[in-house]
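[1] please find the sequence and the predicted model below.
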Amino acid sequence: MQRSAMTQKSRFLIPLALAALLSAAANAQELLVKIGHTGPLSGPNAFAGRDNENGVRLAIEELNAKKIMVTGKTLKFELLSEDDQCDARTGVSVAQKLIDSGVRFVMGPYCSGVAIPASRVYSEGGAMLSTVATNPKVTENGYKNLFRITAGDSQIGSNMAIYVAKVLKLSKVAVIDDRTAYGQGVAEQFTKEAQKQGLTVVGQEFTSDKSTDFMAILTSLKAKQPQAIFFGGYAPQAAPMARQMKQLGLPAKLIGGDTLCSAEIGKLGGDAVNDTVICAQGGSMLDKLANGPSFKAKYKARFNQDPDIYAASFYDQMLFIGDSMQKIQSIEPAKVGAKMYQSSYQGVATTYGYDDKGNLQQAPITVLTFRNAMPVPLESH
């Protein structure tokens, strides 16, 4: 009886041991690459953080399906996503958490106010950072392996000033910024170029990225009769600003950068944004690009919603990183980054090639307005 029991036990244990050995062998043939994502996953800008995360996730799923081989092992990409709340202190804590977790490739942050202080932590931790933060300071600290994967404030802010002067043919503008690193940066660039273009800046005001009541500011500006108001800030503030402009009978256009080019403004602002909000974002019109429609369809099939502003940019950069790993046969950020600095990658949104500071060498910009509370592209250049 005892021998019979032992035999039965052995029959049970042998398959388990074999499975464990096979699993260990499979794991030995895999090389784990942890990819971090940092962005606002809660709060008013959560829509953007989730969209960015989705772009990264879609690319990672495709890379895992391709089974990329590096030094004889199959790369297995794993996503670790953290909520930085668009808050500098939280963003620095998140950066340290990702570094401590063994992450060496980070996608994000979304907000410049997070990217500027957090980039030091990532640099010291030996991680590559790919961000859509647009403030010029993000790429001015000399950190290697830091890539801005879209147009910066200098391009976006300047472009909108030229658009107001040359295309809209207006002459009087006002400027409001939300005092964030992003808002101030893009507003400063707009103001500089506006003055170069001969526009008269009739008023400059500031608010906060938590405000929703702009009546006092707008009433003051209305008396100065601006034909356009440039707002350096985010969608959750721009939407009520557009509604309050309509309530006051202020006929000016509301001009802004990439953060205003979101469907979220239409959801929050309704018909007040139609033909009033005009914005510019990095990248060309997805619908006009060779692989744009197929990317939109793929994204919607996976996440049951349309991509927002930067999903395609994060998707492209993640695939660029995977492609560079395969070509250089390494997952070391320094080697992968060196390969990326000296090469280019044709993505959905644009062709990715970087200067020595990590800025895109070719950063196309699309100007949009809103109709039926949805962003509609006007032109790309």
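    Structure's in. What do you need?
[2] where does the closest residue to residue 83 other than its chain neighbours sit: helix, strand or coil?
    Among residues not flanking residue 83 along the chain, residue 41 sits closest, at 3.8 Å (CB to CB, 6 or more residues apart in numbering). In this view, the C-beta of every residue, glycine as well, is placed from N, C-alpha and C. The local conformation at residue 41, judged by DSSP: H, G, I helix; E, B strand; the rest coil, is coil.
[3] start the count at 296, not 1, going forward
    Got it, first residue is 296 now, which makes that one residue 336.
[4] identify the residues contacting residue 336.
    Each residue near residue 336 by CB atoms under 8 Å, 6 or more residues apart in numbering is listed here: 344-345, 348, 376-378, 380.
[5] give me the neighbour count for residue 527.
    When counting by other CB atoms under 10 Å, one arrives at 29 neighbours for residue 527.
[6] who does it bridge with?
    residue 472 (DSSP bridges).
[7] and residue 542, that one's in a helix?
    Yes - assessed by three-state DSSP, residue 542 belongs to a helix.
[8] quick one: pLDDT of it?
    For residue 542, the pLDDT comes out at 97.
[9] next one: it from residue 524, what distance?
    Relative to residue 524, residue 542 is positioned 14 Å away (criterion: CB to CB, to the nearest Å).
[10] between the two, which one's more packed in?
    Legend: neighbour count by other CB under 10 Å for residue 542 and residue 524, higher for residue 524 (27 against 11).
[11] that one and residue 467 touch, don't they?
    No - between residue 524 and residue 467 there is no contact under CB atoms under 8 Å: 10.2 Å.
[12] which of the contacts of residue 336 fall in helices?
    Mapping the contacts of residue 336 onto helices (DSSP state H) picks out 344-345, 348.
[13] let's see if you can find the most crowded of those.
    Top of these by neighbour count (other CB under 10 Å): residue 344, with 26 neighbours.
[14] my read: it touches residue 334, true?
    Yes - contact criterion CB under 8 Å: residue 344 and residue 334 qualify, at 3.4 Å.
[15] can you check which residues contact both of these two?
    Common neighbours of residue 344 and residue 334 (CB under 8 Å, 6+ apart) are 378, 405.
[16] residue contacts, residue 346?
    602-606.
[17] where does the prediction get shaky in the stretch 446-595 of the chain?
    Scanning the stretch 446-595 of the chain for pLDDT under 70 picks out 579.
[18] residue 449 in helix, strand or coil?
    Residue 449 ends up helix, using three-state DSSP.
[19] measure it to residue 338 for me?
    Taking CB to CB, one finds residue 449 at 27 Å from residue 338.
[20] same question, residue 642
    29 Å.
[21] what's around residue 625, how many residues?
    16.
[22] surely it touches residue 368?
    No - judged on CB under 8 Å, residue 625 makes no contact with residue 368 at a distance of 11.6 Å.
[23] so which residues make contact with the helix or strand hosting residue 535?
    Secondary structure assignment for residue 535, by DSSP states H and E: helix 530-543. Around helix 530-543, the neighbours that count as contacts under CB under 8 Å, 6+ apart are 339-340, 342-343, 471, 473, 502, 504, 506-510, 513-514, 517, 524, 526, 547, 549, 551, 554-555, 557, 559-560, 562-565, 567-568, 571-572.
[24] out of these, which are buried?
    339-340, 342-343, 471, 473, 502, 504, 506, 509, 513, 517, 524, 526, 547, 549, 551, 554-555, 557, 559-560, 563-564, 567-568, 571-572 (16 or more other CB atoms under 10 Å).
[25] which positions within stretch 538-553 qualify as buried?
    For stretch 538-553, by 16+ other CB under 10 Å, it's 538-541, 545, 547-553.
[26] now do stretch 464-477
    Under 16+ other CB under 10 Å, the buried positions of stretch 464-477 are 465, 467-473, 475-477.
[27] how about stretch 324-331?
    Applying 16+ other CB under 10 Å to stretch 324-331 flags 326, 328-331 as buried.
[28] looking at those, which is nearest residue 485?
    residue 331 (32.2 Å; CB to CB).
[29] residue contacts, residue 407?
    So residue 407 contacts 428-430, 432-433, 475-477, 480 (CB under 8 Å, 6+ apart).
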